[in-house]
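Asks: No letters, just coordinates:
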DNA sequence: CGAGCCGATAAGTGTTCCCTTAACGCGCAC
DNA sequence: GTGCGCGTTAAGGGAACACTTATCGGCTCG
């Protein structure tokens, strides 16, 4: 029984699939499957079993997951504690959904970095559906994205981070660009350009696509939100984007907002982390920071005049998934 | 960072020496030293350093020992949990000082085994000074011997187990055997035959030897208490032993009690375990059992007529140290 | 100053881990 | 049925682990 094996098991149990666990750990599926096989053999229990809907825990696995999760959490805590004692900078690993990571995330993280010199911050991108597991396994300290359900063990705490407005956009030459007020259903026949977060069930864009009943064939998923917007500029599709990122593009008329009825949609991004008793000190500092005016200002200001596609965040960004 | 390394570190930190940790783990000193070296290198901190009085923790080590201890405890808990879910018998690892292990320990454990069919009990021998570390690291679930200080992390709970009387004995032909009332200081010139527990600072026999100022050259440490008594039967030395074990030997006049003033000494053995919230279920069951009349009866009854040297406990006995 | 104790190190060995690529088995959908 | 997605197994290699015996270095104590 090794820490690696326990880690693999916990992630499979939490994420419900070997594939997702492997992606999170940046290893291949057989690596995870093999670690799981070793643990199964050692403990003499299947722990998790395939079902049509994913991987389901056996009674033994259900019992183990809580204990194993504590073990891997403590192992991380041990390393962080030693680092701290030695005076090394504390580490804060932030994850964000791709929409946050391409909008207010880097600016927020950069502002926090500037204020807290002794903290080493990294920002990663992940799907909203995997955020809770990352936080609980201490693979991440804070998560930026939609509000996450806090129930579970250990519990999570979500707090409002940033109110934003979602709008629909198209190239100036698009047929709908010159239209007057549009009914939402007129968008059903359009080709949609979306970022990677739209593939995630918890994303608001995904919710819109589902509500309108857009067939998958009409949805082009791009590797980044910026790429989706770039394709929209030069193509004949439409996209959904955060309004305040658009001000400059609109000024240059690269994209125009579509006057769809019911838009802009008022939405909220949240910051989520473990409870105050179990999270790292840097996470608490970050939590305090996001409530300050400096944080709000940083999230509103920085991207003015810089198209997202060219934006290079001034913080170290690690892509974890 | 592996579980083995953390275990080695915790034991070195708790026992204050590599040698003791190695003995407890039944490996050689280099094995422990090497595990420690790997952990030191991995974390970049000496963790423990040699001092004239033993191994002292660095600030980092002090911080780590609590976390590491939790990790190894949880790892054991994980294995126990799986075993329990699978319906396998629960395991209870008892340790006792050699005096208990050679007197009431086996009978007590056997009586508990007979009552609790679903518990797999093993009894080991260890020094009183190492008991607290064994309990805290969950290498043992219950400890039988002297009362242990309960402070520390996690705290320990001691409860009275058995009141016994310590007497001094010699062979019938010994010069002192025919004497009348003896002053304690008349024993100073004698050759003492003692069991392994006398080498332990926490042992009452050790305390007596120290109080009388017996030089080391007059103390023969035998590998078992029974061996010390056997040597006393045929030699010209004296020994200290538990009174109620002696009844039959006295009947056969193999050994006679010396009428030393102040004897018999009224002493108490205790049972010690972790607090109710952190100990295994079997430990709690054992704790309840030792309070019952059946336990008291078992401890008084079984060895009547059976010299300790010939006694074969009906339970599996593992020697850990 | 030599003896003895204790921890660290050297050298070596068998085992386990951990990861890879490739191929296989199985359930499910079009 | 025929793909296709997903987990598992096979095979293999490199590294780390965990242990041993033997030796060294530093320290204390007679």
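Replies: That came through, no problem. In this text the structure is predicted, and so the values were computed from the model without any measurement.
Asks: ok, longest helix in chain A?
Replies: Identified as the longest helix of chain A according to DSSP state H is helix A:59-85.
Asks: gap between that one and the chain center?
Replies: 23 Å (Cα atoms, centre = their mean, to the nearest Å).
Asks: got it, and stretch A:53-65?
Replies: The answer for stretch A:53-65 is 25 Å, by Cα atoms, centre = their mean.
Asks: Remind me what the host helix or strand of residue A:36 packs against, helices and strands.
Replies: Take DSSP states H and E as the rule and residue A:36 turns out to sit in helix A:29-43. Secondary-structure packing of helix A:29-43 (3 or more Cβ pairs under 8 Å, 6 or more residues apart in numbering or on different chains; DSSP states H and E): helix A:3-15, helix A:18-25, helix B:59-85. C-beta coordinates here come from the backbone N, C-alpha and C atoms, glycine included.
Asks: Quick check: which of those is nearest to residue B:156?
Replies: Taking Cβ to Cβ, helix B:59-85 is the member of these nearest to residue B:156, at 13.2 Å.
Asks: Which elements pack onto the closest one?
Replies: Helix B:59-85 packs on helix A:29-43, helix A:59-85, helix B:3-15, strand B:90-96, going by 3+ Cβ pairs under 8 Å, 6+ apart.
Asks: just to revisit the earlier point, for the helices and strands packed on helix A:29-43, state which one has the densest average packing.
Replies: helix A:3-15 (a mean of 24; mean count of other Cβ atoms under 10 Å in any protein chain shown).
Asks: packing partners for that helix?
Replies: Helix A:3-15 packs on helix A:18-25, helix A:29-43, strand A:48-51, strand A:54-57, helix A:59-85, helix A:128-136, going by 3+ Cβ pairs under 8 Å, 6+ apart.
Asks: Could you rerun that using 7 Å?
Replies: Other helices and strands packing on helix A:3-15, by 3 or more Cβ pairs under 7 Å, 6 or more residues apart in numbering or on different chains; DSSP states H and E, are helix A:18-25, helix A:29-43, helix A:59-85, helix A:128-136.
Asks: now the ones you listed as TSV including distance to DNA strand D and mean pLDDT?
Replies: Shown next, in TSV, are those (distance: least, Cβ to the nearest atom of the strand, whole Å; pLDDT from 0 to 100):
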stretch	distance to DNA strand D	mean pLDDT
helix A:18-25	3	91
helix A:29-43	3	94
helix A:59-85	11	91
helix A:128-136	13	86
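Asks: closest one to DNA strand C among those?
Replies: With Cβ to the nearest atom of the strand, the closest approach to DNA strand C among the helices and strands packed on helix A:3-15 belongs to helix A:29-43: 3.4 Å.
Asks: wait, which of the helices and strands packed on helix A:3-15 is closest to residue A:285?
Replies: Nearest to residue A:285, of all the helices and strands packed on helix A:3-15, is helix A:59-85, at 12.9 Å by Cβ to Cβ.
Asks: Hey, what's the angle from that closest one to helix B:29-43? Just curious.
Replies: Counting by axes from the mean of the first three to the mean of the last three Cα atoms, to 10 degrees, helix A:59-85 lies at 70 degrees to helix B:29-43.
Asks: And DNA strand C, is helix A:59-85 touching that?
Replies: No - applying Cβ under 7 Å from any atom of the strand, one finds helix A:59-85 out of contact with DNA strand C, separated by at least 11.5 Å.
Asks: quick one: strands adjacent to whichever strand or helix holds residue A:270?
Replies: Element membership for residue A:270, per DSSP H and E: strand A:265-274. Using DSSP bridges, strand A:265-274 pairs in its sheet with strand A:142-145 (antiparallel), strand A:156-170 (antiparallel).
Asks: most tightly surrounded among those strands?
Replies: strand A:142-145 (a mean of 27).
Asks: and it, average pLDDT?
Replies: For strand A:142-145, the mean pLDDT works out to 92.
Asks: what about that strand, distance to the chain center?
Replies: The answer for strand A:142-145 is 6 Å, by Cα atoms, centre = their mean.
Asks: Please apply the same query to stretch A:106-114.
Replies: Relative to its parent chain, stretch A:106-114 has a centroid offset of 17 Å by Cα atoms, centre = their mean.
Asks: Need the mean per-residue confidence for that stretch.
Replies: 86.
Asks: Same question for stretch A:159-174.
Replies: Across stretch A:159-174, the average pLDDT comes to 87.
Asks: try stretch A:261-268
Replies: Confidence for stretch A:261-268, expressed as mean pLDDT, is 86.
Asks: Write out the residues of the stretch 151-300 of chain A neighbouring chain B.
Replies: Within the stretch 151-300 of chain A, no position is adjacent to chain B by Cβ under 7 Å from any Cβ of the partner chain.
Asks: in the stretch 151-300 of chain A, which segments are predicted with low confidence?
Replies: A:201, A:245-253 (pLDDT under 70).
Asks: rerun at 50
Replies: The model of the stretch 151-300 of chain A has pLDDT under 50 over residues A:249-250.
Asks: where along it do the helices fall?
Replies: Taking DSSP state H, counting those that start in this stretch as the test, the helices found in the stretch 151-300 of chain A are A:204-212, A:225-234, A:247-251, A:281-290, A:293-300.
Asks: Make CSV out of these and add mean neighbour count and distance to residue B:67.
Replies: Output for those, formatted as CSV (neighbours: other Cβ atoms under 10 Å in any protein chain shown; distance: least, Cβ to Cβ, whole Å):
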stretch, mean neighbour count, distance to residue B:67
helix A:204-212, 16, 40
helix A:225-234, 21, 40
helix A:247-251, 14, 49
helix A:281-290, 18, 15
helix A:293-300, 16, 32
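Asks: Nearest to residue A:86, out of those?
Replies: Closest approach to residue A:86 among those (Cβ to Cβ): helix A:281-290, 15.1 Å.
Asks: Mind giving me the packing neighbours of that closest one?
Replies: Helix A:281-290 is packed against strand A:90-96, helix A:104-115, strand A:265-274, with contacts defined by 3+ Cβ pairs under 7 Å, 6+ apart.
Asks: for the next helix or strand after the first one, packing partners?
Replies: Per DSSP H and E, strand A:90-96 leads on to helix A:98-101 as the next helix or strand towards the C-terminus. Applying 3+ Cβ pairs under 7 Å, 6+ apart, we find helix A:98-101 packed against strand A:119-125.
Asks: Dump the helices and strands packed on helix B:59-85 into JSON lines; add distance to residue A:99 as well.
Replies: Shown next, in JSON lines, are the helices and strands packed on helix B:59-85 (distance: least, Cβ to Cβ, whole Å):
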{"stretch": "helix A:29-43", "distance to residue A:99": "28"}
{"stretch": "helix A:59-85", "distance to residue A:99": "28"}
{"stretch": "helix B:3-15", "distance to residue A:99": "40"}
{"stretch": "strand B:90-96", "distance to residue A:99": "51"}
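Asks: how about the ones you listed, which one is nearest residue A:161?
Replies: helix A:59-85 (24.1 Å).
Asks: Next, the contact list for residue A:232, please.
Replies: Going by Cβ atoms under 7 Å, 6 or more residues apart in numbering or on different chains, residue A:232 touches A:169, A:170, A:171, A:193, A:238, A:239, A:255.
Asks: rerun at 10 Å
Replies: By Cβ atoms under 10 Å, 6 or more residues apart in numbering or on different chains, the contact set of residue A:232 is A:168-171, A:174, A:191-194, A:220, A:222, A:238-241, A:254-255.
Asks: likewise residue A:50?
Replies: Neighbouring residues of residue A:50 by Cβ under 10 Å, 6+ apart: A:17, A:18, A:56.
Asks: same thing but at 8 Å, please
Replies: residue A:56 (Cβ atoms under 8 Å, 6 or more residues apart in numbering or on different chains).
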